[in-house]
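Novice: sharing a sequence plus its predicted fold:
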Amino acid sequence: MSLMRLENLSVTRRNRPVLRDVSMSLDKGEFVGLLGPNGAGKSTLMEAALGLIAFQGKSDLAAQPAHQRAQTAAYLPQSREIAWPVSVENLVALGRIPWPGASGAQDRTAIDAALDRMRLGPFRSRTATRLSGGEQARALIARALAQETPLLLADEPISGLDPAQQLACLRLFRALADEGHGILASIHDLGLAARFCTRLILLAGGEVLADGPPGDVLTPDNLSLAFGLTAHWVDTPFGAALIPV
Ligand SMILES: Nc1ncnc2c1ncn2[C@@H]1O[C@H](COP(=O)(O)OP(=O)(O)OP(=O)(O)O)[C@@H](O)[C@H]1O
C-alpha cells in the first residue's frame, strides 16, 4: 500500500532548477535510503513532498490537510535546532500534538516507547538544550517516533551519531519497516545504506539516477556518475562492503 507518491515533482530555488520531474512512491514495509551528493536535492525532495516549500507536479502528502498530514508523516529535519530549554520528555511529548483525541495513557505509552527505542531513559529529565549534539539528535528522532505515524521522513538521521548509535538507529528503522511503517531517510554512508535499506533512490543533477535494490543502485557506473567516485564491492565475512578508492 502506497504511503507517499510524487509525480513529476520539480522545484526551482533562487531561479535554479533543483529537482526535475521526480516521480516515486513509497509503500508500507519499505525503508528507502535517499542518496546523492551534497546539494543533490535530498532535503528539497522531503520538504516539497511534505508541502513545506513550493513545487510543481504532484505530492499526495502535500495535498492533505495539515492535521491529516501530521497524522500520516513524521519529519526529522536536517537542522537539529532545539529552540527551548525543555526536558527531553517534554520535547518528545511535542510529537503527540497531532493526536489531540488520544488519552493521557496513549500519549504516555507513545512517549515512553519512543524514549525507550532511542535509549533515552536516563536522559528523560535532562534539559534538551544541554545534551550533546548526538544526544539531541536522538531526542529529536524520539519526538518523531512519538508521533506514531505510518510514514517517517528523516533527513540525515544518523549524522552526528557515534557508530554504535548509527547501527542502533538503522536497525530500529529497519524493524519499523518490517512492522509495516514506511521510511524515507537521506543517508551519506553508502555501506550502511546498502546494509539496512530495502531500497535506494540515488539523486544526481536534480533527477533520479537510479531506484531499486541496493545492489542495482550502487553500481560502479552510478557511483561514478553521481559522486565522481571509484568504488568496489568487496566480500567480507560480514557481507559485501563498499570500498571507495
Ligand atoms: N532555502 C534555500 N534557498 C535557496 N536555495 C536552497 C535552499 N536550500 C537549499 N538550496 C539549494 O538547493 C540545492 C539542493 O539543496 P538540498 O539541501 O536539497 O541538498 P541535499 O541533497 O539535501 O544536500 P546535503 O547532502 O548537503 O544535505 C542546493 O543547491 C542548495 O544550495
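Specialist: That came in fine, so what should we check first?
Novice: ok, then the element right after the longest helix along the chain?
Specialist: Counting residues, the longest helix in the chain under DSSP state H turns out to be helix 163-178. Scanning forward in sequence from helix 163-178 by DSSP states H and E, the next helix or strand is strand 182-186.
Novice: now that following strand - C-alpha only, CSV.
Specialist: Taking C-alpha atoms only, strand 182-186 is exported to CSV below (Å, rounded to 0.1, in the frame of the first residue of the first chain):
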residue,chain,number,x,y,z
GLY,A,182,7.3,3.3,5.5
ILE,A,183,10.6,5.2,6.0
LEU,A,184,12.5,7.6,3.7
ALA,A,185,15.9,8.6,5.1
SER,A,186,18.7,10.5,3.5
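Novice: and that strand, what other elements does it pack with?
Specialist: Applying 3 or more C-beta pairs under 8 Å, 6 or more residues apart in numbering; DSSP states H and E, one finds that strand 182-186 contacts strand 2-13, strand 16-27, strand 31-35, helix 42-49, strand 151-155, helix 163-178. Placement of C-beta: from N, CA and C, glycine included.
Novice: contacting residues for the residue nearest to the spatial centre of the chain?
Specialist: By C-alpha atoms, centre = their mean, the chain has its centre lying nearest to Ala154, at 2.0 Å. The contact partners of Ala154, taken as C-beta atoms under 8 Å, 6 or more residues apart in numbering, are 75-76, 141, 144, 173, 183-186.
Novice: in JSON lines: those residues, plus pLDDT and neighbour count.
Specialist: Shown next, in JSON lines, are these (pLDDT from 0 to 100; neighbours: other C-beta atoms under 10 Å):
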{"residue": "Tyr75", "pLDDT": "97", "neighbour count": "21"}
{"residue": "Leu76", "pLDDT": "97", "neighbour count": "21"}
{"residue": "Ile141", "pLDDT": "97", "neighbour count": "27"}
{"residue": "Ala144", "pLDDT": "97", "neighbour count": "22"}
{"residue": "Phe173", "pLDDT": "98", "neighbour count": "24"}
{"residue": "Ile183", "pLDDT": "98", "neighbour count": "26"}
{"residue": "Leu184", "pLDDT": "98", "neighbour count": "27"}
{"residue": "Ala185", "pLDDT": "98", "neighbour count": "24"}
{"residue": "Ser186", "pLDDT": "98", "neighbour count": "26"}
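Novice: how about the residues of this protein by the ligand?
Specialist: Proximity of the chain to the ligand (C-beta under 6 Å from any ligand atom) is limited to residues 13-14, 18, 36, 38-44, 78.
Novice: kindly reformat those residues as JSON lines and extend each row with neighbour count and pLDDT.
Specialist: Formatted as JSON lines, the residues of the chain next to the ligand follow (neighbours: other C-beta atoms under 10 Å; pLDDT from 0 to 100):
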{"residue": "Arg13", "neighbour count": "12", "pLDDT": "93"}
{"residue": "Arg14", "neighbour count": "5", "pLDDT": "90"}
{"residue": "Val18", "neighbour count": "20", "pLDDT": "96"}
{"residue": "Gly36", "neighbour count": "22", "pLDDT": "97"}
{"residue": "Asn38", "neighbour count": "7", "pLDDT": "95"}
{"residue": "Gly39", "neighbour count": "11", "pLDDT": "94"}
{"residue": "Ala40", "neighbour count": "23", "pLDDT": "96"}
{"residue": "Gly41", "neighbour count": "25", "pLDDT": "96"}
{"residue": "Lys42", "neighbour count": "24", "pLDDT": "97"}
{"residue": "Ser43", "neighbour count": "18", "pLDDT": "97"}
{"residue": "Thr44", "neighbour count": "21", "pLDDT": "97"}
{"residue": "Gln78", "neighbour count": "14", "pLDDT": "94"}
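Novice: about what we covered before: and of the helices and strands packed on strand 182-186, who's closest to Arg126?
Specialist: Smallest distance to Arg126 across these (C-beta to C-beta): 16.6 Å, for helix 163-178.
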